[in-house]
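Enquirer: coords below, sequence missing:
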């Protein structure tokens, strides 16, 4: 499908679609925050049961190694209970997997659960990668490592995963198809999913329990009932998975029963239904009772939310009090439930991979770099008070909690020492123009979004920044009509004259250059630098274009500006390799040259340790240490320190830190031995 340029009429249509989508979203999908729970009347629940009983199917029975009968799991014909923890391979470097698995096993768990992030493995359409990126892509090695520690594995391959991950794990190149409808039976979407499964499943199918591996179950999609009730779509995904080699038990997970009332109920014939919640009195008990009322199905809380995530510009999320946590877990454990703690170790949204959500009152909110989640194991993998509470409870319920091999560890591995490496001055910088000189340069008649750039064999730009440049004569006013996603800085002859984000009026921006800046040049350079702060990972999804969707006008003209030069600043490896060795790094001047790339070197002694980089004094940007993208920082908080894994540091030669600062730079950076103090 050829990319298109989105014009005003398309923008109007897009605004309407977004508005309707948001209404549908808030009408039909729980936000799990600031929303009073309203239970479903019992007569409505009984109607659901009757539809299932009278329907054209039988309740799902697993054909895999893990089976169930009379609300009890069985593995190898013996009663089996699952105590699992969510731990995503793509959020924690491989050097920490062993330590994490040991701590999980010592807590009383016998299983690890992970999503698979499609967009991480197929960033460019048709090009699959299951190795590299410091090992964060090595899903097979992750599963094999879990097996070596005697842990079973639950795999949730999507294709949609949510997970507060960029675009919910979907590759953004899907949006190049102007008719795309993700999470649906649209042929263009299903074709992409089938190709993804055709590469992923054969890569790990030998690790299924029936073939001697640790994988005992696969999830179909993710919380699909919160998005649609098209059960036929789930049937198609299940059929694909089986076609490519899945032989183990299938399950679904959902955080509400409203979708069953609205038509999702036939899924009971296709997979084991599991539930997601945090509080029993805010919908959890209703879900528990609903599953018990279905008959044969065992109660499996697929996501027991151990905490929550933070968003830029918001407050640090509040945690559940320990007595309340004990009360809820005790009730669930006494009921015989199997449980997956989401998250058990949250990890980090390295690079540009954080997701975002849209809220009723506050609109778009991007997720911070840390995915600590207030989990039992911290972002750095340290045991917490919550870990000790959960361990104490689980140890009382170990009957039928068998391991792939071995037994629960009696000793908890010690937390690793963190280092405070101190303060290091920033020495040099590379100007924004020199940075652009290493970027791809695209000449375009019209403004294009990231997704519609002719890059990477037709995959477009996925992440980072996009710069729109236009040379203009003397100009009095500029009007930008349309939608901008997600944050834009406006520069005139290299000087920032305005900045806008999603909280502004995005449909028409008026700049009076005669008052903002003196104009005395015959030729003037207009730069519009737009940052993708993370595609929404819940909904709306089909409208997640990044950049400018609209047109630019000057001096009241009705003719839009054309003939733009576009720079895709995605900070991919090829671009970075050129930037790192650029010959134009200079000593810092007596003024702030931001936006710019700042650089410094620092030495450490002894074995490298985990540490935390404070960006106090800086404004907004991204940080690289030894070419590894740690992620975003922003003075808006709440996060102010970035987790730095010791495994990316080196002690035999200097470490290099590079910072792309967008607004106002600091003079130094500081490494602490503790995370952001909230």
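Expert: Thanks, I have the structure now. Only a predicted model underlies this, so the values are computations on that prediction, with no experimental measurement involved. Numbering: from 1, shown residues only.

Enquirer: any weak-confidence spans in the stretch 551-678 of the chain?
Expert: For the stretch 551-678 of the chain, no stretch has pLDDT under 70.

Enquirer: what segments of it are helices?
Expert: With DSSP state H, counting those that start in this stretch, the ranges of helices along the stretch 551-678 of the chain come out as 573-580.

Enquirer: please apply the same query to the chain.
Expert: 8-28, 42-54, 97-106, 118-121, 139-148, 187-204, 231-243, 258-259, 284-293, 322-334, 385-394, 432-436, 513-516, 573-580 (DSSP state H).

Enquirer: who touches the second one?
Expert: Contacts of helix 42-54 with the rest of the structure, by CB atoms under 8 Å, 6 or more residues apart in numbering, involve 59, 257, 260, 261, 265, 266, 268, 290, 293, 294. All C-beta atoms are positioned from the backbone trio N, CA, C, and that covers glycine.

Enquirer: any chance of a ChimeraX selection covering the buried ones in these?
Expert: Listed next is the ChimeraX selection for buried residues among these, using 16 or more other CB atoms under 10 Å:
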select :59,257,260,261,265,266,268,290,294
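
Enquirer: just name the closest of the contacts of helix 42-54 to residue 332, please.
Expert: Among the contacts of helix 42-54, residue 290 lies closest to residue 332 (CB to CB), at 14.7 Å.

Enquirer: in this structure the closest one contacts residue 258, no?
Expert: No - the criterion here is CB atoms under 8 Å, and residue 290 misses it with residue 258 at 10.8 Å.

Enquirer: farthest pair in the contacts of helix 42-54?
Expert: 59 and 261 (18.0 Å).

Enquirer: can you pull the contacts of residue 613?
Expert: Taking CB under 8 Å, 6+ apart, we find residue 613 in contact with 623, 625, 630, 641, 642, 644, 657, 669, 670, 671.

Enquirer: which stretches of the stretch 51-200 of the chain form strands?
Expert: With DSSP state E, counting those that start in this stretch as the criterion, the stretch 51-200 of the chain has strands at 66-69, 72-75, 78-80, 83-87, 111-115, 152-156.

Enquirer: for those strands, could you give me CSV that also reports distance to residue 391, mean pLDDT and mean neighbour count?
Expert: Putting the strands of the stretch 51-200 of the chain into CSV (distance: least, CB to CB, whole Å; pLDDT from 0 to 100; neighbours: other CB atoms under 10 Å) gives the following:
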stretch, distance to residue 391, mean pLDDT, mean neighbour count
strand 66-69, 25, 98, 18
strand 72-75, 22, 98, 19
strand 78-80, 21, 98, 14
strand 83-87, 11, 98, 27
strand 111-115, 15, 98, 26
strand 152-156, 19, 98, 25
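
Enquirer: just to revisit the earlier point, switch the contacts of residue 613 over to CSV; also include neighbour count.
Expert: Below are the contacts of residue 613 laid out as CSV (neighbours: other CB atoms under 10 Å):
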residue, neighbour count
623, 23
625, 22
630, 21
641, 21
642, 26
644, 27
657, 20
669, 25
670, 18
671, 22
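
Enquirer: need these in TSV (columns: distance to residue 128).
Expert: Listed next are the contacts of residue 613 as TSV, based on distance: CB to CB, whole Å:
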residue	distance to residue 128
623	28
625	28
630	25
641	35
642	29
644	29
657	32
669	36
670	40
671	36
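
Enquirer: roughly how far apart are residue 161 and residue 155?
Expert: The gap separating residue 161 from residue 155 is 11 Å, by CB to CB, to the nearest Å.

Enquirer: overlap in contacts of those two?
Expert: With CB under 8 Å, 6+ apart, residue 161 and residue 155 have common neighbours residue 116.

Enquirer: ok, for residue 347, nearest residue in space, not its chain neighbours?
Expert: Distance criterion CB to CB, 6 or more residues apart in numbering; nearest residue to residue 347, sequence neighbours excluded, is residue 91 at 2.9 Å.

Enquirer: how many neighbours does the one you found have?
Expert: 23 (other CB atoms under 10 Å).

Enquirer: measure it to residue 665 for me?
Expert: In terms of CB to CB, residue 91 sits 28 Å off from residue 665.
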